[in-house]
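Chemist: Please work out how this folds:
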Amino acid sequence: MISSIRTQIGGVFLTILLTGPTASAGIHCQRCRDTGMCEEMVAVTVTEMKTVEETCYRDEQQVKTVLVPKVIQVEKQVPYEYTAWVRVKKEDPQELEIKTPKFRWVDQKYTITVPGKDTVTKIRKRTEMVPTIEMCTVTEDHGYFETKMVATKTCGGCLCTEKKVWCPCPVEVLKEKTVMKPVTIEEPYTCEVDICVPIEKTRRVKEYFTKTEKKVVKNPYTTLEPRKRTKMVTAFVPETVHEEKTEICTIKVPYTVFREVPCQVTRMVPKQQACSCQSH
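Modeler: As a prediction, this is how the structure comes out:
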């Protein structure tokens with residue numbers, strides 16, 4: 001007789017095969033003790049009441065004395081500074097330049113031109129036709145006469161008459177030819193030309209110039225200038241005074257209260273379930 005037992009050791013499932021007549025009578029399940037039900041710890045979420053500390057605030061009335069600033073007008077004699085415009089006599093020195101026209105006699109050179117003759121050499125050009133030999137390509141007919149038999153009306157249409165026929169044979173050959181080409185020839189020649197001859201002369205002329213003199217002139221004038229003045233005037237000066245004032249204010253006073261609130265916790269509880277040995 002063969003039987004099997006499945007057990008769990010340290011998270012590993014082991015299957016033990018038992019053979020022989022004493023296999024089922026001598027071995028028992030260590031977990032369920034042959035009851036078929038075993039107990040395991042499972043995680044269960046439960047709701048529990050927990051005491052927590054909470055800070056609250058309550059309103060309280062308090063009386064306090066504060067200093068309130070107040071601005072009042074006080075009559076005082078205060079110095080008043082102002083600007084007065086007064087007449088002031090001054091002199092403005094002005095430097096002048098006085099220019100006087102003058103002249104002096106100077107020698108002046110000038111140039112005049114007179115007509116004259118001059119011999120010059122010039123070059124003139126003329127064109128002559130000069131014969132020039134050139135090579136050109138021409139076409140010549142090197143043909144010949146052939147004798148052919150032709151038919152005539154007198155012979156009744158038979159080929160009995162001889163006729164000489166010219167057979168052309170064009171051939172290109174190089175030949176010399178004489179061409180007249182124009183050639184420009186330069187020849188020097190001498191001739192007389194009319195020219196203007198410059199002659200330098202001297203004459204006395206007036207040269208005008210300006211004589212500059214500097215002179216200082218004082219110009220009197222009257223102007224207005226600002227001057228600082230001070231006088232005592234009656235004025236209302238603002239002053240700040242502090243008055244005591246009683247105020248009632250509301251403040252927040254903290255205090256501590258304890259209350260119970262529900263919270264979710266996880267507990268490990270035992271649970272009865274079918275043993276794994278019942279599946280074999």
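Chemist: Could you list the low-pLDDT ranges of the stretch 1-150 of the chain?
Modeler: 1-28 (pLDDT under 70).
Chemist: Please enumerate the strands of it.
Modeler: With DSSP state E, counting those that start in this stretch as the criterion, the stretch 1-150 of the chain has strands at 2-9, 12-19, 37-141, 144-151.
Chemist: Looking at these, which is nearest to Glu239?
Modeler: strand 37-141 (5.0 Å; C-beta to C-beta). (Glycine included, C-beta is placed from N, CA and C.)
Chemist: returning to what we had before: and among the strands of the stretch 1-150 of the chain, the most buried is which?
Modeler: The highest mean neighbour count among these, using mean count of other C-beta atoms under 10 Å, belongs to strand 2-9: a mean of 13.
Chemist: still on that earlier bit, reformat the strands of the stretch 1-150 of the chain as JSON lines; add distance to Ser276.
Modeler: Shown next, in JSON lines, are those (distance: least, C-beta to C-beta, whole Å):
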{"stretch": "strand 2-9", "distance to Ser276": "6"}
{"stretch": "strand 12-19", "distance to Ser276": "7"}
{"stretch": "strand 37-141", "distance to Ser276": "8"}
{"stretch": "strand 144-151", "distance to Ser276": "135"}
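Chemist: And these: which comes nearest Thr240?
Modeler: strand 37-141 (5.3 Å).
Chemist: List the strands paired with that closest one, with their directions.
Modeler: strand 170-274 (antiparallel) (DSSP bridges).
Chemist: How far does the strand it pairs with sit from its chain's centre?
Modeler: Distance of strand 170-274 from its chain centroid, counting by C-alpha atoms, centre = their mean, to the nearest Å, is 20 Å.
Chemist: can you pull the buried residues of stretch 261-277?
Modeler: 275, 277 (16 or more other C-beta atoms under 10 Å).
Chemist: what's next to it, contact-wise?
Modeler: The contact list for stretch 261-277, computed with C-beta atoms under 8 Å, 6 or more residues apart in numbering, reads 5-8, 13, 29, 31-32, 35-50, 52.
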